[in-house]
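Quick one, structure for this:
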Amino acid sequence: MEAQPKSTADIFRDFYEHPFIQSIADREKWSISDKDKRPIDMNVLEYQHRVVGCNTAIPYSMTTLKHTLEILPFPANHAYYLDAPDDDDFVVLDIEPECPSSLKAQFMRLPYIYAEKSMSGKGIHLVMPVPSNYEDYPIAMTKQKLQEEHRWYEILVNHWVTFTRNMLGPASPTKTLDDWDGIYAELAARQKETPERPSFDVDTVDTDDIPDSAYIIATLTTANNYHKTLEDFHDDSSRYEFGLLAFKFRRMLSLLKSTRIQKLEHEYTPEEETRMLYAIAQQVIPYRDKHDETRQGMPWLLFVSRSVVNDVLREKENDTE
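Numbering: from 1, shown residues only. As a prediction, the model looks like this:
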């Protein structure tokens, strides 16, 4: 009789049973990357048997770790949508193959939570706690990743992470979390504020003329996956509203890349994106008296929506430089 093939859970048992992986396994933030390192939409794969890019703004585009194996029993990897500012209590130190061996050796002496080789087998991913001085560097807090000037390493903060399951041994640290904070501080201090984008006017708040705006607004209004509360912002309602709308707008940008929207062949302008975000804001943010105030001739929530669109687009422009 031919031996039955082992399951993925058997082959990579150490990975699936690792305490860190188990601690995040039930979060619906998992996908699988294709050969081009693109996370794929798990819902479309399961029910339509098609491979399309994952869209973090769409419910069920991501799922739990266990469910990814039920959809695709022998995946080449797992991808996890890391969002340290909002959802997760860790970041990833991504050490590139070109990193000097002496520096790599120093990193390996850190008290990491989990370690593995990258897809190439020549780089290393170290899961680390969010640095205790994370909030000391407001400019760095706006970045999705912090990249070292020689591209020897980067710290992923709000970014897809591919887990290869090619694990390295547990940490045997000779360095401390204070050393880790120092590594973060050195990189975070070098981050530059992105130059101001040209602003734009919003002449109307109507969205009827924007292609598929009803679908976009409904999708982002229904998806209730922002987990921060007013308490997280020290009861500062304005900061909470800005954080919530920044979260919704990033999801909007992902949604605009979906197959359905791409078929429209419409280039959404920042002004159109602002109008849609304002419509979302009016539905998801509880009313308070300040909403009756105006800033620069705009209702408060419209002013915040425009500020968010400007800030996030400016951040993304900086990431592509």
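
List the buried residues in the least confident helix or strand in the chain by mean pLDDT.
Between all helices and strands in the chain, the lowest mean by mean pLDDT, DSSP states H and E belongs to helix 300-319, at a mean of 81. Counting neighbours by 16 or more other C-beta atoms under 10 Å, one finds that the buried residues in helix 300-319 are 300-313, 315, 318. From N, CA and C alone the C-beta is placed, and that goes for glycine too.

same thing with stretch 9-16?
Residues of stretch 9-16 classed as buried by neighbour count (16+ other C-beta under 10 Å): Phe12, Phe15, Tyr16.

Let me see the contact set for the closest residue to the first one other than its chain neighbours.
The spatially closest residue to Phe12, leaving aside those adjacent along the chain, is Arg165, at 4.4 Å (C-beta to C-beta, 6 or more residues apart in numbering). Arg165 makes contact with Phe12, Phe15, Asn77, His78, Glu116, according to C-beta atoms under 8 Å, 6 or more residues apart in numbering.

Which one of those is nearest to Glu149?
Nearest to Glu149 among those: Glu116, at 25.2 Å, using C-beta to C-beta.

Now that closest one: closest residue in space, sequence neighbours ignored.
Met167 (4.9 Å).

List the contacts of the one you found.
Asp14, Phe15, His18, Tyr114, Ala115, Glu116.

about what we covered before: which ones among the contacts of Arg165 are found in helices?
Secondary structure from DSSP state H places Phe15 of these in helices.

Can you tell me the SS state at Arg250?
helix (DSSP: H, G, I helix; E, B strand; the rest coil).

that older thread, phi, psi of the residue nearest to Glu116?
Dihedral pair for Met167: phi -70, psi 150, per degrees, to the nearest 10.

Isn't Ser213 up against Thr274?
No. Counting by C-beta atoms under 8 Å, Ser213 stays clear of Thr274, with 11.9 Å between them.

Those two: which has the busier surroundings?
More crowded of Ser213 and Thr274, by other C-beta atoms under 10 Å: Thr274, with 24 against 17.

Please determine how far that one is located from Arg306.
5 Å (C-beta to C-beta, to the nearest Å).

Give me the buried positions along the helix or strand where Trp160 lies.
Following DSSP states H and E, one finds Trp160 within strand 158-163. By 16+ other C-beta under 10 Å, the buried positions in strand 158-163 come out as Asn158, His159, Trp160, Val161, Thr162, Phe163.

with those residues in mind, which one is nearest to His291?
Asn158 (28.0 Å).

my guess is the closest one contacts Asp88, does it?
No. Judged on C-beta under 8 Å, Asn158 makes no contact with Asp88 at a distance of 9.2 Å.

hey, what's in contact with both of the two?
Joint contacts of Asn158 and Asp88 (C-beta under 8 Å, 6+ apart) are Leu82.

Run through this structure and note the low-pLDDT ranges.
1-5, 57-59, 85, 194-201, 315-321 (pLDDT under 70).

Show me it divided up by domain.
1-82, 84-193, 213-319 (automatic domain parsing).

mind checking which of the ones you listed is nearest Thr204?
Here domain 213-319 is closest among these (C-beta to C-beta), at 7.2 Å.

and Phe249, how many neighbours does it have?
Neighbours of Phe249 using other C-beta under 10 Å come to 24.

show me what contacts it?
Phe249 touches Glu273, Leu277, Val308, Val309, Val312, counting by C-beta under 8 Å, 6+ apart.
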